[in-house]
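Peer 1: predicted structure and sequence below. I'll ask about it afterward.
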Amino acid sequence: MIKKYSQDELDLDAIASSVKLELRESQKQSFAKDICDMLNYCYENLFCESADGTLELSLRASKTLGELRDDEAVECGCIAQMLDNSPLVQNGMIAVPKAIGSEGGDE
Amino acid sequence: MSDILKRSISEHATALAKKEYSSVDLTGVFLERIERENSEINAYITVARESALASARESDERRACGEARGALDGIPYAAKDNIAVRGLRLSCASRMLENYVSPYDASVISSLRDAGAVLLGKTNLDEFAMGTGTESSHFGRAKNPLDTDRVSGGSSGGSAAAVAADLCSFALGSDTGGSVRQPAAFCGIIGLRPTYSALSRMGLVGFAPSLDTIGIISRTVGDCATVFRATAKRDPLDSTSAHFPTESLNGALPADIRGKRIALIREVMELDISEGQRIAHSRAADALRELGAEVIEVSVPSLRASYATYYAISSAEASSNLARFDGVRYGMRADDTESLEEMYVKSRSLGFGDEVKRRMMFGALILSGDYKKDIYENALRTRARINAELAEAFSVADLLMLPTSSGYAYRAGEFKDGLFDAHAKDDLLCTLSSLSGLPSISLPCSTVRKLPLGIQLIGRAFEEKTLFDVAAHLQCALN
């Protein structure tokens, strides 16, 4: 089933802090709405629900998530991944996101 | 002299060679017009009057000695203010870099300097190139010269406005998700996003490095080809740049396009596109048939997902990329802070505008926890799938054709409460070539209420010549 994110789920202060920003109170409501809209737009357009209720990437009806090879993603995402793994990130010079709103995480 | 402002580069080159006017004359006429019009249009952030006149004098001296360097020698141009020029402010239209002066030239600026072109100044943009209307600029919006109540597009809105308002002969922009092609369409001119890696990105302030490309905005397709020929080259200072086979650009422009297979994308017509844009698209297809091209149809099923894919990847890259602006090495630094951490946070919070903050926060969020699995990683998979679908389309077609935007330029402030919707609607059609790295050119194809609509052609990697040939014929036919 396609998720619908709500503003209540977002800890804006934690997200802002992860990129070394602080928000004014007056910004928080509009930012929460905007980021929630972005999440929902991405989710709705990247996924579709199949007839049997399972979730698929909205690519081709026959192509399910499990059938997509991980290396397909790696091939085109290599630059972003390189940034994520750069020494600047590792030593904390670049504010790379921790697992916001969850304990631990895979970052 | 004011009638010379609308001339093409080749017309200027001929006139300069015949000594009808000098580069100093030409540069002076552009500078006078900038002085008169820029306060209204706001296309330029910085005007480099003295250095422009000095470059023009050097060009005239070379020509007098019989040492002119070619078609661009003495031709005045502008560069988007996220491209580094030694000794000039490099603001990215941000408060963060409001007073930052670049210590070096971007490689494309060096190439144009070597070709003898004369830089008039730096043009306005959305802050750090994030936007579709140049409305997020710290220096105020650039207005559309055709209707100043409307946006000039974005993020290279200043460059497009400068060309359309005759404030330069051509301009450089940058295109991450349509930022050269969409403003060119809104202003009724030509915008090229070259093959990713054909033009060096060294000296371009990065937004999303896997998508960023320096692009060219011009009045004619021929001008665009001339500038491209001077700037496309392998650059050892940019490890992602490639050797461009410039010999492929030789030969007459435009070459015969009879028998070329131009594909329309079936799924485009399922999108929210204005009636005027649909008619324009169909008119362009008819013109291609009359020119002897074969118009076919292909399917790109992932088109609908392309903007979500682009937005997720670009925001994720931006969140890491803009971390360098921390108050230490570049730009503004907040005063009265008691710790390094506080200085980082205050400098960034004061220096960046809301649009940049939103995108960095969204990018950070989707690189974390379950969001990363659900959105970022699936956006990468979708990008790979889009590339595969485009490869399939190019197995039967020489070029793809689709509208550049969903309609004509929108009114400034029209999407104040739904800016993301505006971006999604207007950028979606441009994101296919951005995600795939394929070259794309936008050209004007019709007008509605005197406002231009653009059509874009997407080609195979490094086959810019085919794009130029077809676009040049189409521009003639549609005008």
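Peer 2: Noted; the coordinates are in hand.
Peer 1: over to residue 34. Which of the three states is it?
Peer 2: Went with chain A since none was named. helix (DSSP: H, G, I helix; E, B strand; the rest coil).
Peer 1: the nearest residue to it once chain neighbours are set aside is in what secondary structure piece?
Peer 2: Excluding the flanking residues, the one nearest residue A:34 by C-beta to C-beta, 6 or more residues apart in numbering or on different chains is residue B:358, at 5.4 Å. (Glycine included, C-beta is placed from N, CA and C.) Element membership for residue B:358 (DSSP states H and E) is helix B:354-365.
Peer 1: just checking, what packs against that helix?
Peer 2: helix A:12-18, helix A:25-46, helix B:306-321 (3 or more C-beta pairs under 8 Å, 6 or more residues apart in numbering or on different chains; DSSP states H and E).
Peer 1: any weak-confidence spans in the stretch 301-450 of chain B?
Peer 2: For the stretch 301-450 of chain B, the stretches with pLDDT under 70 are B:416-419, B:422.
Peer 1: let's see 90
Peer 2: Within the stretch 301-450 of chain B, the segments meeting pLDDT under 90 span B:304, B:326, B:328-331, B:369-370, B:373-374, B:377-378, B:381, B:384-385, B:413-427.
Peer 1: show me where it has helices.
Peer 2: Per DSSP state H, counting those that start in this stretch, the stretch 301-450 of chain B carries helices over the ranges B:306-321, B:340-351, B:354-365, B:369-371, B:377-393, B:419-427, B:431-436.
Peer 1: quick check: angle from the longest one to helix A:25-46?
Peer 2: Pointing back at helix B:377-393 there. 40 degrees (axes from the mean of the first three to the mean of the last three C-alpha atoms, to 10 degrees).
Peer 1: check the third one too.
Peer 2: Helix B:354-365 runs at 60 degrees relative to helix A:25-46, counting by the same axes, to 10 degrees.
Peer 1: run through the strands of the stretch 151-300 of chain B in chain order.
Peer 2: Using DSSP state E, counting those that start in this stretch, the strands of the stretch 151-300 of chain B run over B:170-175, B:190-193, B:213-218, B:261-265, B:294-298.
Peer 1: quick one: which of these is nearest chain A?
Peer 2: strand B:213-218 (13.1 Å; C-beta to the nearest C-beta).
Peer 1: right, is that closest one up against chain A?
Peer 2: No - Strand B:213-218 does not reach chain A (C-beta under 8 Å from any C-beta of the partner chain); its nearest approach is 13.1 Å.
Peer 1: Three-state assignment for residue A:48, please.
Peer 2: Looking at residue A:48 with three-state DSSP, the answer is strand.
Peer 1: report pLDDT for it.
Peer 2: Note on residue A:48: pLDDT of 70.
Peer 1: coming back round to it: ok, the residue nearest to residue A:34 - contacts?
Peer 2: Contacts of residue B:358 were listed using C-beta atoms under 8 Å, 6 or more residues apart in numbering or on different chains, and they are A:31, A:34, A:35, A:38.
Peer 1: most neighbours among the residues you listed, please name it.
Peer 2: Counting neighbours by other C-beta atoms under 10 Å in any protein chain shown, the top entry in the contacts of residue B:358 is residue A:38, with 26 neighbours.
Peer 1: my read: that residue touches residue B:314, true?
Peer 2: No - using C-beta atoms under 8 Å, residue A:38 makes no contact with residue B:314, being 11.6 Å away.
Peer 1: burial measure for residue B:39, as a count.
Peer 2: 8.
Peer 1: tell me which element it falls in.
Peer 2: Using DSSP H and E, residue B:39 maps to helix B:23-41.
Peer 1: which of the residues in that helix are buried?
Peer 2: Neighbour counts using 16 or more other C-beta atoms under 10 Å in any protein chain shown place B:23-31, B:33-34, B:37-38, B:41 of helix B:23-41 among the buried residues.
Peer 1: that one: how far from the chain's middle?
Peer 2: Taking C-alpha atoms, centre = their mean, to the nearest Å, one finds the center of helix B:23-41 at 22 Å from the center of the full chain.
Peer 1: how about it as CSV, C-alpha atoms only?
Peer 2: In CSV, the C-alpha atoms belonging to helix B:23-41 read as follows (Å, rounded to 0.1, in the frame of the first residue of the first chain):
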residue,chain,number,x,y,z
SER,B,23,34.6,45.2,-30.8
VAL,B,24,34.9,48.3,-28.6
ASP,B,25,32.0,49.9,-30.5
LEU,B,26,29.9,46.7,-30.1
THR,B,27,30.8,46.2,-26.5
GLY,B,28,30.0,49.9,-25.8
VAL,B,29,26.5,49.6,-27.4
PHE,B,30,25.7,46.5,-25.2
LEU,B,31,27.0,48.3,-22.1
GLU,B,32,24.8,51.3,-22.8
ARG,B,33,21.8,49.1,-23.2
ILE,B,34,22.6,47.3,-20.0
GLU,B,35,22.9,50.6,-18.2
ARG,B,36,19.5,51.6,-19.5
GLU,B,37,17.5,48.4,-19.2
ASN,B,38,19.0,46.3,-16.4
SER,B,39,17.4,48.2,-13.6
GLU,B,40,14.1,47.0,-15.0
ILE,B,41,14.9,43.5,-16.2
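Peer 1: any idea of the mean pLDDT in the next helix or strand after that helix?
Peer 2: Counting by DSSP H and E, the next helix or strand C-terminal to helix B:23-41 is strand B:44-47. Per-residue pLDDT over strand B:44-47 has a mean of 98.
Peer 1: what's strand B:44-47 packed up against?
Peer 2: helix B:23-41, strand B:118-123, helix B:157-164.
Peer 1: quick one: strands adjacent to whichever helix or strand comes after the second one?
Peer 2: Past strand B:118-123, further along toward the C-terminus, the next helix or strand under DSSP H and E is strand B:143-144. Each strand pairing with strand B:143-144, determined using DSSP bridges, is listed with its direction: strand B:147-151 (antiparallel).
Peer 1: next, the buried residues of the partner strand.
Peer 2: By 16+ other C-beta under 10 Å, the buried positions in strand B:147-151 come out as B:147, B:150, B:151.
Peer 1: now, which of these sits nearest chain A?
Peer 2: Among these, and counting by C-beta to the nearest C-beta, the member closest to chain A is residue B:151, at 19.3 Å.
Peer 1: not counting sequence-adjacent ones, nearest residue to the closest one?
Peer 2: Using C-beta to C-beta, 6+ apart, the nearest residue to residue B:151 is residue B:133, at 3.5 Å.
Peer 1: count the residues that sit near that neighbour.
Peer 2: 31.
Peer 1: from what I can see it touches residue B:143, true?
Peer 2: No - counting by C-beta under 8 Å, residue B:133 sits too far from residue B:143 to count as a contact (10.3 Å).
Peer 1: who touches both of these two?
Peer 2: Contact criterion C-beta under 8 Å, 6+ apart; residues shared by residue B:133 and residue B:143: B:151, B:152, B:412.
Peer 1: quick one on the thing from earlier: in JSON lines: the helices and strands packed on strand B:44-47, plus mean pLDDT and distance to residue B:278.
Peer 2: Shown next, in JSON lines, are these (pLDDT from 0 to 100; distance: least, C-beta to C-beta, whole Å):
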{"stretch": "helix B:23-41", "mean pLDDT": "98", "distance to residue B:278": "30"}
{"stretch": "strand B:118-123", "mean pLDDT": "98", "distance to residue B:278": "32"}
{"stretch": "helix B:157-164", "mean pLDDT": "98", "distance to residue B:278": "23"}
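Peer 1: of those, which is nearest chain A?
Peer 2: Chain A lies closest to helix B:157-164 among those, at 21.4 Å (C-beta to the nearest C-beta).
Peer 1: domains for chain A, by residue range?
Peer 2: Domain segmentation of chain A under automatic domain parsing yields A:1-64, A:69-107.
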